[in-house]
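Participant: okay, predicted coordinates and the sequence, questions at the end:
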Amino acid sequence: MWAVPSSGVGHTLMIAQSPQFAAPTVLLEMALYAFSASKSEQEYAAQLLAADTEFAPSDTVLLTGYLAELGLENLAEQAPESLSAGQARRLAIARTLARADALYRAAAADEHHRDEASARQRPRLSVLVDEPTAHLDAHAAHLVTRALGALAARGANVLIVTHEGELAEHCALWLRADAHPGGGYRWALKTNPAPAPIPASAPLAQTHTPETTTKAALPSSPAEPGTTPGVLATLKTLRGLTKIGVLKAAGPVMMAAATSLAAVALTALSGWLIVRAAEGPAMMYLMVAIVGVRFFGLGRATARYAERLLTHSRVLAAANTLRLRAWAGAYRNIGSVRALLRGDALLERLIGGIDELRDGIPRVILPPAAHLLVMAVALVSTWVILPQALGPVALAAFITTVLAPWVVLRADARAEGISRASTAQLMRLSTSLLGCRRGCAR
């Protein structure tokens, strides 16, 4: 353990071997701990978590600096659940560094409210660490050791539970548990006469070969982290996941468009037939229209059946292929992806996520593609048959193809903004209640 003399009532921080996280990204997780010195900082962290405000450039530099001490600066936008067990442990140490600085900063701000005797007392901080370097390579272990030494340099008492003799050599005190011949353990507190200094330079980081990292990887979106991918990027990712290209999708899209066109033709021809029959013409004038109504009625049902058959054939085959790839990837990476170590998360990713994708393709991708084809056929047919009606038909096509989806997206974005504002307000209320409880306890 590293021990630094201190006095007074202080704080205890815990770095678990399997830490848990609350924020959706690594940077936001750091913000929850770094900005906790005052009520205003806590409100700022709550606004960041609720996406009600953006990081100030100086704050991003500050949080990235903590991450850089543990070699995590390139993972700032990643979800904590996607980190490996070793990376998650290093993130827990980085957020503890940030929390320690916040506690010292809060103590410094409160000094002018204390009397002179208490102001001279440095706040006590104890950090309990469970197996920080277990199963880490030499580079990561050095970063962890250096960060724990930085905590001790800040004035914290760092108590470490470890089986690593190399890490123990850097500590000032040893509390050893030696097996007793008669059973149980014998505890002995010893002073390390010559603590080993922490090397200034870290060993080279281990690199992973493409065979161990890319075989199980699924195609990812080319969009930058934190941004919403565009339509083309989403379709490209979907093609990489499902192997459904333009040729495989052409059959279902054409059948869906044929179904819609047959429905339109059936409606128009039926209306004309009813109006024309009311005039009482000879039956021979109505025979072609009657046959057309039957043709389009049967054609619509046939096209719909063919579209369902082709769509389900393509989608179910793609889902089976994707499920096999996901299971193979989970088998290769379940030990390094921390989110897969939880049974519910594993089942949700291997079953629920693939089923959601399988159900979403016929409902989200197919209808817009068929709609565009139907609008194109409608415009061309109007231009050929009745050019005078091309303007109104084009206006209707614009409303249904562009304007209506834009209105829906705007309404959805507004609803999401209201939800984020409500979440931020709830978090501010939570921090206020915690501050009130802390003040009442004092």
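Facilitator: Looks like it arrived, so ask away. As the structure is a computational prediction, the values presented were derived from the model and not from experiment. Numbering: from 1, shown residues only.
Participant: going forward, measure contacts between C-alpha atoms and count neighbours the same way
Facilitator: Noted.
Participant: which stretches in the stretch 1-150 of the chain count as helices?
Facilitator: 26-34, 39-49, 57-69, 85-110, 116-119, 138-153 (DSSP state H, counting those that start in this stretch).
Participant: same deal with the stretch 251-400 of the chain?
Facilitator: Counting by DSSP H, counting those that start in this stretch, the helices of the stretch 251-400 of the chain are 287-333, 343-347, 353-360, 366-385, 390-398.
Participant: surely residue 188 is in a strand?
Facilitator: Yes - according to DSSP: H, G, I helix; E, B strand; the rest coil, residue 188 belongs to a strand.
Participant: so it versus residue 318, what's the distance?
Facilitator: 62 Å (CA to CA, to the nearest Å).
Participant: higher neighbour count, those two?
Facilitator: Set residue 188 next to residue 318 and count neighbours by other CA atoms under 10 Å: residue 318 wins out with 19 against 10.
Participant: pLDDT wise, what is the closest residue to the more buried one other than its chain neighbours at?
Facilitator: Spatial nearest neighbour of residue 318, chain neighbours left out: residue 242 (4.9 Å); criterion: CA to CA, 6 or more residues apart in numbering. Per-residue confidence at residue 242 stands at 80 (pLDDT).
Participant: dump the residue contacts of residue 242.
Facilitator: 315, 318, 319, 321, 322 (CA atoms under 8 Å, 6 or more residues apart in numbering).
Participant: residue 107: which of the residues you listed is nearest?
Facilitator: residue 322 (53.9 Å; CA to CA).
Participant: picking up where we left off before, just send the helices of the stretch 251-400 of the chain back as JSON lines, with mean pLDDT and distance to residue 140 too.
Facilitator: Shown next, in JSON lines, are the helices of the stretch 251-400 of the chain (pLDDT from 0 to 100; distance: least, CA to CA, whole Å):
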{"stretch": "helix 287-333", "mean pLDDT": "87", "distance to residue 140": "19"}
{"stretch": "helix 343-347", "mean pLDDT": "60", "distance to residue 140": "27"}
{"stretch": "helix 353-360", "mean pLDDT": "81", "distance to residue 140": "33"}
{"stretch": "helix 366-385", "mean pLDDT": "91", "distance to residue 140": "48"}
{"stretch": "helix 390-398", "mean pLDDT": "92", "distance to residue 140": "57"}
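Participant: just send the ones you listed back as a markdown table, with distance to residue 125 too.
Facilitator: Compiled in a markdown table, those are given as follows (distance: least, CA to CA, whole Å):
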| stretch | distance to residue 125 |
| --- | --- |
| helix 287-333 | 37 |
| helix 343-347 | 35 |
| helix 353-360 | 43 |
| helix 366-385 | 59 |
| helix 390-398 | 65 |
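Participant: between the ones you listed, which gets nearest to residue 95?
Facilitator: helix 343-347 (24.1 Å).
Participant: in the chain, what spans have low per-residue confidence?
Facilitator: Within the chain, the segments meeting pLDDT under 70 span 1-9, 52, 110-123, 202, 204-229, 331, 333-349, 423-425, 427-442.
Participant: nearest residue to the middle of it?
Facilitator: residue 79 (5.1 Å; CA atoms, centre = their mean).
Participant: residues in contact with the residue nearest to that one when sequence neighbours are not counted?
Facilitator: Leaving aside its chain neighbours, residue 79 sits nearest to residue 25 (4.4 Å; criterion: CA to CA, 6+ apart). Residue 25 is in contact with 76, 77, 78, 79, 80, counting by CA under 8 Å, 6+ apart.
Participant: what is the nearest of these to residue 159?
Facilitator: Using CA to CA, those come closest to residue 159 at residue 80, 25.1 Å.
Participant: the closest one is in contact with residue 24, isn't it?
Facilitator: Yes - Residue 80 lies in contact with residue 24 (CA atoms under 8 Å); the separation is 6.9 Å.
Participant: give me the more crowded residue out of these two.
Facilitator: A direct count of neighbours by other CA under 10 Å for residue 80 and residue 24 places residue 80 higher, at 25 against 14.
Participant: and the more buried one, how far is that from residue 30?
Facilitator: Relative to residue 30, and taking CA to CA, residue 80 is found at 11 Å.
Participant: and residue 196, by the same measure?
Facilitator: 30 Å.
Participant: what's the answer for residue 395, then?
Facilitator: Separation of residue 395 from residue 30 (CA to CA): 51 Å.
Participant: neighbour count: these two, which is higher?
Facilitator: Taking neighbours as other CA under 10 Å, residue 395 and residue 30 compare with residue 30 leading, 28 against 11.
Participant: that one touches residue 102, doesn't it?
Facilitator: No - contact criterion CA under 8 Å: residue 30 and residue 102 do not qualify, at 11.5 Å.
Participant: what's the overlap in contacts for the two?
Facilitator: Counting by CA under 8 Å, 6+ apart, no residue touches both residue 30 and residue 102.
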